[in-house]
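S.K.: Everything below, folded, please.
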Amino acid sequence: MPFNRVKSFVQSFDAKLNPIHFEESTSTVEEAAEALGVESAQIAKSILFRSKDNRFALVVTAGDVRVNQKKLREFLGSKPKMASPEEVEDITGYHVGGVCPFALKKEIPILLDESMQRFEVVYTAAGTASSALPITFNKLKKITGGCPISVQ
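M.R.: Here you go, the predicted structure:
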């Protein structure tokens with residue numbers, strides 16, 4: 001089960017990291033924020049992008065941020081497109097709505113939006129559309145090996 005895979009992965013770095021499982025869906029920023037009782041900007045969205053030459057990058061950004069495709073183009077080398085749901089599952093091992101930057105099926109670059117640093121804690125999905133993981137930006141960076149960038 002993806003939730004258990006994420007839990008084992010993050011706890012191998014820090015036993016205090018504890019993903020939360022919900023009965024209701026938390027697959028959208030709004031649903032997750034409501035379930036957690038936090039502002040939507042604290043929900044970390046994980047979005048998979050693909051370049052024209054089929055290079056992938058996972059962008060993790062605050063819930064209130066829209067990715068500036070021109071900035072992402074600089075990183076990927078060509079105009080990026082959002083990956084299809086099938087590509088998301090193939091590359092990450094997770095369904096859309098539950099994608100997180102941990103325990104990915106394939107190794108790809110992870111780009112962490114610097115705007116998340118304004119929060120003490122952000123909440124990523126934890127492998128399912130009804131889960132969340134509270135984590136600091138620094139711990140997210142350390143565990144994922146992600147590259148901090150401004151995506152706005």
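S.K.: most centrally placed residue in the protein?
M.R.: Centroid-nearest residue in the chain: Ser46, 2.8 Å away (criterion: C-alpha atoms, centre = their mean).
S.K.: So it sits against Gly127, correct?
M.R.: No - contact between Ser46 and Gly127 fails when scored by C-beta atoms under 8 Å: they sit 10.6 Å apart. (C-beta placed from N, C-alpha, C; glycine too.)
S.K.: Touching, Ala83 and Ser46? I think so.
M.R.: No - between Ala83 and Ser46 there is no contact under C-beta under 8 Å: 11.2 Å.
S.K.: Could you pick out the longest helix of the chain?
M.R.: Under DSSP state H, the helix in the chain containing the largest number of residues is helix 2-13.
S.K.: Tell me the strands beside the next helix or strand after that helix, with direction?
M.R.: Note on helix 2-13: by DSSP states H and E, the next helix or strand toward the C-terminus is strand 20-21. Using DSSP bridges, the neighbouring strands of strand 20-21 in the sheet come out as strand 131-135 (antiparallel).
S.K.: chain center to the partner strand: distance?
M.R.: Strand 131-135 has its C-alpha centroid displaced from the chain centroid by 10 Å (C-alpha atoms, centre = their mean, to the nearest Å).
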